[in-house]
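**Q** sequence and predicted model, in that order:
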Amino acid sequence: MEIQLWRELLDPYQLAVDELVVKFNHVITEHRSRGLYSPIESVEGRLKSIVSILDKMKRKNVSMNDIEKKIEDIAGLRINCQFVEDIDRVVKLIKQRTDMKVKCEKDYIRHMKASGYRSYHMIIEYKVNTVKGEKTLSAEIQIRTMAMNFWATIEHSLQYKYKENIPDYIQKKLIDASQAIVEIDKAMSDVRDEIMDAQNSHQKKENLVKDILNNIQNLYRVANKREVTKIQDEFYKVYVMDDMMQLQHFASQLDIISEGYRAQSLT
Ligand code: 0O2
């Protein structure tokens, strides 16, 4: 295929990757800005390289005409979660969305691959709009924990080096390491509530400080500069106390002051 034709074929998939990354990153932002724990920790997207497509075509005996039908991971998304439990939440969240349709699922977590690979795969149908009009294409979403991702990334590079003929002794080490990852994920799940609590309080503090600083910044426009500087100094004093209750109290007092100025400016 000519390079220009490859570009035409791949462009809509690149668009799908870009859009999906934005959408799943927004899921993270939405959770965090509401002070909620996000089951998605991070999202990565990639367009399959031409070399990888050609290799897969050879491996699976796919003709040029069948690329789009038979190679379903040209657009690929990877969703990393902190805990195994988050994976089911993400799967549910994806199934509830109306902008993508799940075509098939593969659960390599409950059914680990012989290599030791663990991950939850979903093939989705997704619509993009290009200058040529609307196009429905397939994309693969891999959902896994950060620990599973660590293992898969390293094993993938070894597969590349050994062209799928990884020596037995390395393969054995990889399977042992995969088992160790199962244990790590279990250990982390055991303290999930504590970790989530800690992260939620940190997120709540960040949101509160952001609101306070926004309020102070807005006050600069309407209030006397000396008064705002006093408020700001007060904020630093409360902040170093490292007491969430005090910080919340300060934030509500500040809300009252800001509301007063807002009312004044309306009269
Ligand atoms: P790349 O380079 O990541 O794009 P099948 O269901 O067998 O007909 P397919 O598409 O191979 O066909 O499905 P599968 O097994 O679900 O694999 C899809 C992708 O999952 C792979 O894409 C890898 O990214 C990942 N994967 C699957 N098995 C392994 C594994 O044992 N180790 C690692 N590290 N990753 C794996 P590609 O195209 O093989 O590779």
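**A** All right, it came through fine.

**Q** buried residues, stretch 132-144. List them.
**A** Lys135, Leu137, Ser138, Ala139, Glu140, Ile141, Gln142, Ile143, Arg144 (16 or more other C-beta atoms under 10 Å). To be clear about C-beta, it is placed using only N, CA and C from the backbone, and glycine gets the same treatment.

**Q** quick check: pLDDT value at the last one.
**A** With respect to pLDDT, Arg144 scores 98.

**Q** quick check on the nearest residue to it once chain neighbours are set aside: phi, psi?
**A** Residue nearest to Arg144 in three dimensions, not counting chain neighbours: Ser119, with 4.2 Å by C-beta to C-beta, 6 or more residues apart in numbering. Backbone torsions of Ser119, given as degrees, to the nearest 10, read phi -180, psi 160.

**Q** what sits against Ser119?
**A** Each residue near Ser119 by C-beta atoms under 8 Å, 6 or more residues apart in numbering is listed here: Tyr108, Ile109, Gln142, Ile143, Arg144, Met148, Ala152.

**Q** just the ones of those in helices?
**A** Among the contacts of Ser119, DSSP state H puts Met148, Ala152 in helices.

**Q** ok, and of the contacts of Ser119, which contact the ligand?
**A** Residues of the contacts of Ser119 in contact with the ligand (C-beta under 6 Å from any ligand atom): Ala152.

**Q** show me which of the contacts of Ser119 is closest to Ile53.
**A** Nearest to Ile53 among the contacts of Ser119: Gln142, at 17.1 Å, using C-beta to C-beta.

**Q** got the contact list for the helix or strand hosting Tyr169?
**A** Using DSSP states H and E, Tyr169 sits within helix 168-190. Residues from elsewhere that reach helix 168-190 (C-beta under 8 Å, 6+ apart): 82-85, 112, 115-118, 145, 147-148, 150-151, 155, 158, 162, 166, 195.

**Q** restricted to buried residues, select those in PyMOL.
**A** Here is the PyMOL command that picks out the buried ones among the contacts of helix 168-190, judged by 16+ other C-beta under 10 Å:
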select buried, resi 82+83+84+112+115+116+117+118+145+147+148+151+155+166
